[in-house]
Structure formats: C-alpha cells, structure tokens
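1. build the 3D model from these lines:
(chains A and B)
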Number of protein chains: 2
Amino acid sequence: MRQPVPLAHASRLLNHGPTVLVASAYQGQRDVMAAAWNMPLDFDPPKVAVVIDKSTFSRGLIEASGSFVLSVPSAAQVDLVTGVGHTTGREVDKFSRFDIQTEPASQVEAPLVLGCLAWLECRIYPEPHNQSRYDLFLAEVVAAWADDAVFQNGHWQDLPPEQRALHHLGGGHYLTTSGLLAGRMPT
Amino acid sequence: MRQPVPLAHASRLLNHGPTVLVASAYQGQRDVMAAAWNMPLDFDPPKVAVVIDKSTFSRGLIEASGSFVLSVPSAAQVDLVTGVGHTTGREVDKFSRFDIQTEPASQVEAPLVLGCLAWLECRIYPEPHNQSRYDLFLAEVVAAWADDAVFQNGHWQDLPPEQRALHHLGGGHYLTTSGLLAGRMPT
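-> Numbers count the residues shown, from 1 in each chain, chains lettered A, B, ... in the order given. Reported below is the predicted structural model:
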C-alpha cells in the first residue's frame, strides 16, 4: 500500500540509480516519459536532478507547470517503461496507449503512475541557464511516497524479481537490482 | 584488459546508475571519494553531472585542477568503496590506507583506480553558481575506458556477481545489478 515517506528519507528512493518515469501536467494536458538520467541532489530539503530533452512533449508541460512527479517503476513494468521511452506525447496519449493508471499527487498537478515502487513529487527551481544549456532540471522534492511492501522505515526491502527497480542500459535493455551487499566500515 | 571506449558510447558506462569513485589530483595532492549521486548529462560530446560536497577534500582539488576521473567499481571492491566513502582525505591518504592501485589518466591529472570496470576522464565546465549553490559539478568526458571483459562494443556483458556494478542504498549497503531484461518496443 502506498504510504508517505518522510522527506528526510526521500533521497534513498533514487540513491541506487533506478530509471524513473517523469510525469507532467499543465492545464489539462499531460505526458509521461522515461528518464535514466536522474539523481538525488541533496538530503534536506531533498532535491533531485533530471535531464529532460528539449524535443520531448513533457518539457513544455514541466516548464509551464514548474513541477513533475518521478515514479520508480518495477521490473514488472518493463514494457510500459520501454513504451513511453520510445513514443512521443506529441503524437500519442501515452496514458491510454499503454493503459497507464494514475492517482492524483498531493502537491503538484502531475499524476503518480500506479504500480510503481515509489514516487517523488517535485517542484522545479527556476534555473533557466541549466535548462536551456544542459536540459537539466533541478527540483525540490515536496512529497514522497513508497509502496510499504518494497520500502519500509527508510529502507528498500529484499524484493522478488518482478518488484525490483529497472536500470536502463540503453535501447530498451535493462538490468534489475539484486544481491544486497554490505561493505566493511573502516575502523 | 583496459581498452578505450569511443566517446559516443561513454554515457552507457553510467546509464544504469552505478555508484562511482571520484578521483582528483592537484599539484602533488590527490584524493578519492565515493559518489552515488552521478548521472550522464549528454551523449555527444558526452557530459556527466556529479555531486561533490563542500566538506570533502576532493572538492578543493577538483576546483583547483578543473578535472576529475570517475571509476566504476565492481562488487569485489565493496570494502574499498565503503572505506573511501567513510573516511576523509583531510585526515588520511586513502590510496595507501585502502591499498588503492592507480594508473595515470590520459587527459587529466587525476588517476584511474585499478580493478574497476570502467573509467571516465572529465574536465569540468565552469559553473560557479551550480557548484556553490548545489555542490553540483557538470563536466565533459574527454576520454573513456572499460575493461573489455565487462564492456565490449558499446555494451555491458553478462557479468559474474563479483564483476557487477554497485548501487549504493546508503550506510555502506549496496545492491548489485544483474538479470538482463528487454522491454517490448512499441509497434
């Protein structure tokens, strides 16, 4: 079940480098795209960085609304992620094309994609130089959520294969995360 | 064996979101730190983004030299990654403390960490606002390398557990990536 994640733990939802879905909405239009190029940027307040290409339909909605939602998809959603990553919202309504169910976010206009592992509602910092020169968007995480079956008390759980995050290699090929390891702390 | 990676393929070395080592050097001083917060920023010329906290010894070396090297460590190096991530170059020479072997880079002063899977030599773009406000460094990849046993012809190979990348969850705990999946392309 979807539960709020304390903002101080929000960076952990992206710390391992999963590919995310970026949803956007503005005045009745909406879009969703895939973004492997994302990372946490700070802990408190939590911030994220994500690359949104100028060619995407999402770009205009994000700039107009000043916000977006990152949803962390699972391996079970690999076809959906590949689908939205290889079509454009200029030509198709990806939500109906890929049968994407959503729920309203709490703080921003863009929706949460159902079936994902975690969600981050984000409000962009106005940084026009980064946006125009690097397609780079920096944003504050204003609300965060996770499925409590996969992320609990600030920690990702040991997950069955279909509930693991996707890590895009390119061209619709992904690795999933597995194999929890603990490094030895220096004494 | 370490082989050059064409710059057009350099983004694929980071596309799946691995934790990296960031090495830096300036006028005979050097440091190495761990950074989960990194991502590709562009394909051609290849660019990367990485967060380098103000408190790190690396930060001064990177700002002074204008460059750094990202090395992508393997699961076999989990103790090394955790060690350099939980000590500071202000107090110890991490290279000797963790017995880190290096080779010279081709374009920049910082070294390549031996035993890693891949390497990106990077020259930073002067973006003082991003650096001071967000601890965010944007850089061009000026040379890239990979062990040809793990990355060949632009593609990560199917790897045994000890040669898989590390994805940091926090606190010295990591997931590794495995389980290649292909998404269905939209028709």
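
2. top strand in chain A by residue count?
-> In chain A, taking DSSP state E as the definition, the longest strand is strand A:136-147.

3. what's the offset of that one from the middle of its chain?
-> Centre-to-centre, strand A:136-147 and its host chain are 8 Å apart (Cα atoms, centre = their mean, to the nearest Å).

4. what's the following helix or strand after it?
-> Sequence order places strand A:151-152 as the next helix or strand after strand A:136-147, per DSSP states H and E.

5. can you tell me if that following strand touches chain B.
-> No: Strand A:151-152 stays clear of chain B (Cβ under 8 Å from any Cβ of the partner chain), getting no nearer than 10.4 Å. C-beta: built from backbone N, CA, C; applies to glycine.

6. average model confidence for that strand?
-> Confidence over strand A:151-152, taken as the mean pLDDT, stands at 96.

7. identify the residues contacting it?
-> Contact with strand A:151-152 is made by A:5, A:12, A:13, A:117, A:118, A:146, A:157, as judged by Cβ atoms under 8 Å, 6 or more residues apart in numbering or on different chains.

8. tell me how far the first one lies from chain B.
-> Spatial separation of residue A:5 from chain B under the definition Cβ to the nearest Cβ, to the nearest Å is 13 Å.

9. quick revisit: only the buried residues of the longest strand of chain A, if you could.
-> By 16 or more other Cβ atoms under 10 Å in any protein chain shown, the buried positions in strand A:136-147 come out as A:136, A:137, A:138, A:139, A:140, A:141, A:142, A:143, A:144, A:145, A:146, A:147.

10. again with stretch A:5-17
-> For stretch A:5-17, the neighbour count (16+ other Cβ under 10 Å) marks A:5, A:7, A:9, A:10, A:11, A:12, A:13, A:14, A:15, A:16, A:17 as buried.

11. C-terminal to whatever helix or strand residue A:24 lives in, what's the next element?
-> Assessed by DSSP H and E, residue A:24 sits inside strand A:20-26. Downstream of strand A:20-26, the next assigned helix or strand under DSSP H and E is strand A:29-35.

12. rewinding a little: return the list of strands paired to the strand holding residue A:24, each annotated with direction.
-> Strand A:20-26 sits in its sheet next to strand A:29-35 (antiparallel), strand A:67-72 (antiparallel), going by DSSP bridges.

13. run through who's touching the first one.
-> Okay, so that is strand A:29-35. A:19-25, A:50-52, A:56-58, A:61, A:70, A:81-82, A:84-85, A:89, A:94-95, A:100, A:110-111, A:113, A:168.

14. so the very next helix or strand once past it, near chain B or not?
-> Downstream of strand A:29-35, the first helix or strand assigned by DSSP H and E is strand A:38-43. Yes: shown here: strand A:38-43 in contact with chain B (Cβ under 8 Å from any Cβ) through A:38, A:39, A:40, A:41, A:42.

15. relative to residue B:187, which of the residues you listed is nearest.
-> For those, the residue nearest residue B:187 by Cβ to Cβ is residue A:38; the value is 27.6 Å.

16. how much space separates the closest one from residue B:157?
-> Distance, residue A:38 to residue B:157, using Cβ to Cβ, to the nearest Å: 25 Å.

17. which of those two has more residues huddled nearby?
-> residue A:38 (23 against 15; other Cβ atoms under 10 Å in any protein chain shown).

18. ends of stretch A:39-53, what's the gap?
-> Separation of the first and last residues of stretch A:39-53 by Cα to Cα, to the nearest Å is 16 Å.

19. which of the residues in that stretch are buried?
-> Quick answer for stretch A:39-53 (16+ other Cβ under 10 Å): A:39, A:40, A:41, A:42, A:46, A:47, A:48, A:49, A:50, A:51, A:52.

20. how far does stretch A:150-170 sit from the chain's center?
-> Offset of stretch A:150-170 from its chain centre (Cα atoms, centre = their mean): 13 Å.

21. now do the contacts for residue A:139.
-> Residue A:139 touches A:47, A:48, A:49, A:50, A:67, A:68, A:122, A:123, A:124, A:125, counting by Cβ under 8 Å, 6+ apart.

22. kindly report the same for residue A:58.
-> The neighbours of residue A:58, taking Cβ under 8 Å, 6+ apart as the test, are A:22, A:24, A:31, A:32, A:33, A:52, A:68, A:89.
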